[in-house]
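[1] model this:
(chains A and B)
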Number of protein chains: 2
Amino acid sequence: MLELTRITLPEILDLEKRYRANLINGILGYKPANLIATLGKNGVENVAIFNSTIHIGATPPLVGFIMRPLTVPRQTYTNIKESGYYTINHVHSDMIWEAHQSSAKYPEDVSEFAETGLKPWYSENFKIPYVEKSFVKMGLKFVEELPIQANGTLLIVGEVQELFYPEHIVSEDGTPDLNAIETVSVTGLDVYHLPQKLKRFSYPRPHQKGIEI
Amino acid sequence: MLELTRITLPEILDLEKRYRANLINGILGYKPANLIATLGKNGVENVAIFNSTIHIGATPPLVGFIMRPLTVPRQTYTNIKESGYYTINHVHSDMIWEAHQSSAKYPEDVSEFAETGLKPWYSENFKIPYVEKSFVKMGLKFVEELPIQANGTLLIVGEVQELFYPEHIVSEDGTPDLNAIETVSVTGLDVYHLPQKLKRFSYPRPHQKGIEI
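    Residues are numbered from 1 along each chain as shown, chains lettered A, B, ... in the order given. Predicted coordinates for the structure are as follows:
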């Protein structure tokens, strides 16, 4: 077995700030890369990458993400609270630069769409922009926010109102094939990865063990 | 551009239950695959796979995960609340079957370690088992739980007390290389993937665009 280094909480807190951010942000595992788009009261179309989207439930379809503390203005948060709606869009291998650049701190009156070259796209029944190039787009309605006492972050929960995807990537039993559209994954704050399927297993039961399907 | 299918909230709720679970669990993106281990009051070592771990903060180091509604007994939850501690362990490409099988509903007095062949391992200063085979292991202290009103799930938040990793995978600036230890990613409930790095970008600024590093 590989020799493992041990680092304790006091030692983690003693690390240089940027080193600690890279280590702790990156060590938990692979994260989804998604673009969250919103619309400001001023009409500015906002888009920013989030690596903290999380599945909360299927019935109803609920998605969460972590919003950093509101100690500085957060356009995504302000726009979601004011309009009540936002969109989540996939990042694919041919748009990782644009997705990454969307996290730069642009002024409030500047659209990250214009700055990065990502193009907005509107569906017939949803007033918030989607990312045109994303093969998976979901339109969400804000449902609730949960303040995390430990560090002042917020879990933002939304309900999927409409969902777009290429029909051919969804199998007969509803399983989407994200490899087929080269959706990417991210580690830490800045490393982008392309996953490839290893195996799919059947539902495991105590006396009927999961087999490859 | 690929033709996209549109499905609305009422249509999602009308889908066959298993189809909806596969579609909604899988469509958001790639998720981290982690094994959460706990210790019961009865001395039984529990381990189960969770695909909902999420980075909450680096200072202090905080990690969250979603616990399904407590409408049936949840050993992981009970053990965490009783002991105050738990561990999070990586799943690597050579242990995906064992990790998947750990989600079978074994009786309370049965250890998933024994049933799956995963081996527990203890550090000197932490009373909860780790997964021996995992190259990244973190020992956590329970901090808070946030009930999500919309569907009765809970966000469980813990603080990292100690962290183990192979020293050679961490770069000079603290960035871990998870490709090197074949940590896997999961989509939906049952599809395991191996990610490969595409690119890393520098910190993006409005007038100094991110470049590959």
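
[2] can you pull the poorly scored residue ranges out of chain A?
    Within chain A, the stretches with pLDDT under 70 are A:1.

[3] and the helices in it?
    A:9-14, A:17-27, A:75-83, A:96-101, A:112-116 (DSSP state H).

[4] of these, which approaches B:L140 most closely?
    Evaluated with C-beta to C-beta, those place helix A:9-14 nearest to B:L140, the distance being 10.0 Å. Glycine gets a C-beta too; all of them are placed from N, C-alpha and C.

[5] how about the closest one: buried residues?
    Buried residues in helix A:9-14, counting neighbours by 16 or more other C-beta atoms under 10 Å in any protein chain shown, are found at A:9, A:12.

[6] again with stretch A:132-151
    A:133-140, A:142-143, A:146, A:148, A:150-151.

[7] against A:N34, how distant is A:E145?
    Distance from A:E145 to A:N34, counting by C-beta to C-beta, to the nearest Å: 18 Å.

[8] sorry, that was for A:M67
    14 Å.

[9] so which of the two has more stuff around it?
    Using other C-beta atoms under 10 Å in any protein chain shown as the criterion, A:M67 and A:N34 rank with A:N34 on top: 28 against 21.

[10] strands of chain A, residue ranges please.
    For chain A, the strands defined by DSSP state E occupy A:5-8, A:31-32, A:34-39, A:45-50, A:54-58, A:61-67, A:85-90, A:120-121, A:130-131, A:137-147, A:154-165, A:185-187, A:191-200.

[11] same for the third one, what does it pack against?
    By that I understand strand A:34-39. strand A:45-50, helix A:75-83, strand A:85-90, strand A:130-131 (3 or more C-beta pairs under 8 Å, 6 or more residues apart in numbering or on different chains; DSSP states H and E).

[12] contacting residues for A:Y30?
    A:Y30 makes contacts with A:185-187, A:193, A:195, B:30-32, B:178, B:183-185, B:195, as judged by C-beta atoms under 8 Å, 6 or more residues apart in numbering or on different chains.

[13] nope, A:F142 is what I was after
    Neighbour list for A:F142: A:80-81, A:84-86, A:156-158 [criterion: C-beta under 8 Å, 6+ apart].

[14] bridged to it, which residues?
    Assessed by DSSP bridges, A:F142 has beta-bridge partners A:G158.

[15] A:T38: which of the contacts of A:Y30 is nearest?
    Of the contacts of A:Y30, the one sitting nearest to A:T38 (C-beta to C-beta) turns out to be A:V186, at 20.4 Å.

[16] phi, psi of A:L189?
    Main-chain dihedrals, A:L189, degrees, to the nearest 10: phi -110, psi -10.

[17] run a quick neighbour tally on the residue nearest to it when sequence neighbours are not counted.
    Nearest residue to A:L189, sequence neighbours excluded (C-beta to C-beta, 6 or more residues apart in numbering or on different chains): A:N25, at 5.5 Å. Residues near A:N25, counting by other C-beta under 10 Å, number 23.

[18] thought A:N25 was touching A:V186?
    No. Distance between A:N25 and A:V186: 9.6 Å, which falls outside the contact criterion (C-beta atoms under 8 Å).

[19] ok, now which ones touch A:G26?
    Applying C-beta under 8 Å, 6+ apart to A:G26 gives the contacts A:187-189, A:191, B:174-176, B:178.

[20] pull the number of nearby residues for the nearest residue to A:K17 once chain neighbours are set aside.
    Once flanking residues are discounted, A:K17 sits nearest to B:T59: 7.5 Å by C-beta to C-beta, 6+ apart. B:T59 is flanked by 13 other residues according to other C-beta under 10 Å.

[21] which residues touch B:T59?
    A:13, A:17, A:20-21, A:151.

[22] make a markdown table out of the residues you listed and add distance to B:T76.
    As requested, those are exported to a markdown table (distance: C-beta to C-beta, whole Å):
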| residue | distance to B:T76 |
| --- | --- |
| A:L13 | 27 |
| A:K17 | 33 |
| A:R20 | 28 |
| A:A21 | 28 |
| A:N151 | 23 |
